[in-house]
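Q: A predicted structure for the sequence below; I have some questions about it.
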Amino acid sequence: MQFIEVPEGKKVYFASDNHLGAPTMEHSYPREKKFVAWLDEIKTDAAAIFLLGDMFDFWMEYKTVVPKGFTRTLGKLAEIADSGIPIYYFVGNHDLWMNGYFEEELGIPVFHSPQQFTFNDTSFFIGHGDGLGPGDKGYKRMKKVFTNPFSKWLFRWLHPDLGVRLAQYLSVKNKLISGDDDAQFLGEDNEWLVQYAKRKLEKDHYDYFVFGHRHLPLDITLSEKSKYINTGDWISYYTYGVFDGEKMNLKEYTILK
């Protein structure tokens with residue numbers, strides 16, 4: 001359990017699922033500019049920033065190469081981290097293959113599994129959300145292949161121009177990989193992350209479960225003292241979560257929309 005103090009007047013921000021680079025770099029450029037504008041705005045009162053995965057539609061770190069592009073986003077994150085505001089990154093199903101670049105170049109810790117945080121007196125369980133809960137068996141099998149060390153070793157033997165192009169094609173075309181379910185609310189009984197959170201509550205209490213992955217802004221009451229929040233995406237909704245030291249809310253970023 002990690003503790004972060006949120007001073008009066010400061011906030012903790014959460015965002016996920018930008019999928020920069022999809023369907024092409026040119027098409028995602030306006031969304032990137034909007035995201036960078038949001039980062040520039042929230043840095044004035046941020047106690048911490050949590051990025052909950054799939055910021056890129058594909059991200060692969062070779063030994064000496066990372067994907068081309070995203071300069072404005074990476075530069076803004078570096079600026080914010082250098083100013084002393086902590087940023088935390090949770091890998092998603094589109095950026096599974098992170099391996100030190102964010103930590104070494106940006107000073108941003110990267111998590112490959114959900115983590116527990118406490119902000120002041122409020123407990124959080126935070127992650128991207130892919131592969132959690134019942135169901136989603138096809139993706140879970142695929143994830144085991146993607147995260148297998150031998151699979152990653154084989155992929156790195158592809159020239160980056162070929163490897164990145166192939167991965168980008170699969171990322172856009174294959175719903176099994178993308179986790180895309182047409183972004184429709186399935187009802188609490190069929191939302192896997194809701195069911196996952198309810199099962200976690202049977203053993204431990206958390207005030208908030210915060211995930212991405214579903215591309216839907218959701219605020220669901222799990223019990224009298226616990227909520228499930230999904231941060232939505234920066235493709236259709238431009239939504240984000242904000243914790244003001246006492247309560248967590250979903251908001252929409254409308255500037256430059």
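A: Looks like it arrived, so ask away. All figures in this text were calculated on a predicted structure; none of them were measured in a lab. Numbers count the residues shown, from 1 in each chain.
Q: dump the residue contacts of the closest residue to V6 other than its chain neighbours.
A: By the measure of C-beta to C-beta, 6 or more residues apart in numbering, the closest residue to V6 outside its immediate chain neighbours is G245, 4.3 Å from it. In this view, the C-beta of every residue, glycine as well, is placed from N, C-alpha and C. Taking C-beta atoms under 8 Å, 6 or more residues apart in numbering, we find G245 in contact with V6, P7, E8, K10, K11, F119, N120.
Q: take the residues you listed and write them to CSV, including neighbour count.
A: Converted to CSV, the contacts of G245 look like this (neighbours: other C-beta atoms under 10 Å):
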residue, neighbour count
V6, 18
P7, 10
E8, 6
K10, 17
K11, 19
F119, 23
N120, 14
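Q: show me where pLDDT drops low in the stretch 151-257 of the chain?
A: 151-155, 163-164, 166-182, 256-257 (pLDDT under 70).
Q: cutoff 50 now
A: 175-181, 256-257 (pLDDT under 50).
Q: all the helices of it, residue numbers only.
A: 160-173, 175-178, 192-201 (DSSP state H, counting those that start in this stretch).
Q: can I assume P134 is in contact with W192?
A: Yes - the criterion here is C-beta atoms under 8 Å, and P134 meets it with W192 at 6.0 Å.
Q: spit out the contact partners of the nearest residue to E252 once chain neighbours are set aside.
A: Closest residue in space to E252, ignoring its immediate chain neighbours: T239 at 5.2 Å, by C-beta to C-beta, 6+ apart. Counting by C-beta under 8 Å, 6+ apart, T239 touches P217, T231, G232, D233, L250, K251, E252, Y253.
Q: list the contacts for the closest residue to the fourth one other than its chain neighbours?
A: Nearest-residue entry for D233: D17, 3.8 Å, with adjacent residues in sequence omitted and distances by C-beta to C-beta, 6+ apart. Residues in contact with D17 (C-beta under 8 Å, 6+ apart) are 52-55, 92, 212-213, 215, 231-235.
Q: can you do 7 Å?
A: D17 makes contacts with D54, G212, H213, H215, D233, W234, I235, as judged by C-beta atoms under 7 Å, 6 or more residues apart in numbering.
Q: tell me the contacts of the fifth one?
A: Looking back up the chat, that one is D233. Contacts here follow C-beta under 7 Å, 6+ apart; on that basis D233 touches S16, D17, H215.
Q: pick out the most distant pair among the contacts of G245.
A: E8 and F119 (12.9 Å; C-beta to C-beta).
Q: just the strands in the stretch 101-250 of the chain please.
A: 110-111, 115-119, 122-126, 208-211, 217-223, 226-231, 239-243, 248-252 (DSSP state E, counting those that start in this stretch).
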